[in-house]
Structures are given as structure tokens and as C-alpha cells.
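Novice: With the input below, show me the fold.
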Amino acid sequence: MAARTVLITGGAGFVGASLALELASRHPDWELISLDNLHRRGSELNLPRLREAGVRFLHGDVREPEDLRAAGGLML
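Specialist: Now for the predicted structure:
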């Protein structure tokens, strides 16, 4: 199976970070990108765990086309 790139929005929140960490453990060959605006207090506490798991973090907002483009050249 070919390597995949997965964008997880809200990726520093509880659900997003949990998903990213689980995917990283099950699919070490996938590129995982966590996009989050860090608006919710405490979300930043998940960033070290994401980094240790090899998940790339981008500070951004899904409502901003430029932030989505920065997540991997997504075409909008």
C-alpha cells in the first residue's frame, strides 16, 4: 500500500490528537498533519505528544484557504 497523507483538522484537541496518535501508531509510513487554531484552552498541551509521534503540526484555521494550502498544497 502506498504512503498516504492525512490532514486532521482540530488536530490538537482531544479527539483530533487522539486520532492522530492512534493513526501514527498503526500507520508509521503515513504522513500525518494536524491543523488547529489552538483556540480551545489546553489544546497546546497535546503538541509535544504529537511531535513525539511524528505528527506535523500546523497552526491554522480551516476557514482560511491559505492555511489549508499550507497544509500540503491542497487545491481550493
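Novice: Look through the chain and tell me its longest helix.
Specialist: As assigned by DSSP state H, the longest helix anywhere in the chain is helix 14-26.
Novice: what mean pLDDT does that one have?
Specialist: Per-region confidence: helix 14-26 scores 97 on mean pLDDT.
Novice: Show residues contacting that helix.
Specialist: 6, 8-11, 30, 32, 34, 36, 43, 46, 49-50, 53-55 (Cβ atoms under 8 Å, 6 or more residues apart in numbering). (Glycine included, C-beta is placed from N, CA and C.)
Novice: just stretch 46-57 next, same as before
Specialist: With Cβ under 8 Å, 6+ apart, stretch 46-57 has contacts from 8, 11-14, 17, 20-21, 24-25, 28, 31-34, 36.
Novice: Pull out the buried residues from those.
Specialist: Buried members of the contacts of stretch 46-57, counted by 16 or more other Cβ atoms under 10 Å: 8, 11-13, 17, 20-21, 24, 32-34, 36.
Novice: Looking at these, spot the one nearest Ala71.
Specialist: When those are compared for distance to Ala71 (Cβ to Cβ), Ile33 wins out at 5.4 Å.
Novice: Next, the residue nearest the centre of the chain: phi, psi?
Specialist: When Cα atoms, centre = their mean is applied to the chain, the residue found nearest the centroid is Ser34 (0.8 Å). Taking degrees, to the nearest 10, you get phi -100, psi 120 for the backbone angles of Ser34.
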